[in-house]
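> here is a sequence together with a model predicted from it:
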Amino acid sequence: MGKFKEDLGLALELAGHADVVTMHRFEASDLSVKEKPDMSPVSDADLTCEKQIRESLKRSRPRDEVLGEEYGGEACYKGRQWVIDPIDGTKNFVRGVPVWATLISLLEDGEPVVSVSRPAPPLVRGQGRGCLPRVRRRAEAFERFPRRKALRFFAGDELAYRMG
């Protein structure tokens, strides 16, 4: 994993920044949603998130190519290429279902060498009279099993889980 350690760190950092964008726009009353040519939805959160990831990659890895779900690009089979899907599960995202993930991978000569799948944060909510005890129990359940903090990633041939 040593050869790709810095790339993995960057991918994890980018996924963290993606959370800021997605959670800010999740269930926003002014969320803009359009249809792509394949009839799948794309939200302003998808576009903003991918744009920010691309800008960060351009600054930190200027020689690397990028292929993204929203802004496209050309598949490269020589050299290094980042492949990103800022919100994998946009249909859920735009419907207010908190089941999506940010996917960021690095390919070297067409082979995946780093990959991060960062699931959507669990949302703890309550509404109305008497909701607080339910919210507290749900929050405790999340603390015992911190699903959000678990990140799956691999670098080279190693698959690992990191609790953050």
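Structure's in. What do you need?
> count of neighbours near the closest residue in space to G73 that isn't next to it in sequence?
Distances taken as CB to CB, 6 or more residues apart in numbering put L67 closest to G73, at 3.9 Å, once the chain neighbours are dropped. To be clear about C-beta, it is placed using only N, CA and C from the backbone, and glycine gets the same treatment. Neighbour count of L67, defined by other CB atoms under 10 Å: 17.
> for the remainder of this discussion, apply numbering that starts at 36.
Sounds good: first residue 36 from here, last item L102.
> gap between the helix or strand harbouring L102 and the chain center?
Secondary structure assignment for L102, by DSSP states H and E: strand 100-103. Here strand 100-103 is found 15 Å from its chain centre; the criterion is CA atoms, centre = their mean, to the nearest Å.
> swap in stretch 51-64?
10 Å.
> now do the buried residues in it.
A53, D54, V56, T57, R60, F61 (16 or more other CB atoms under 10 Å).
> tell me who's in contact with L102.
G108, E109, A110, C111, Q116, W117, V118, I119 (CB atoms under 8 Å, 6 or more residues apart in numbering).
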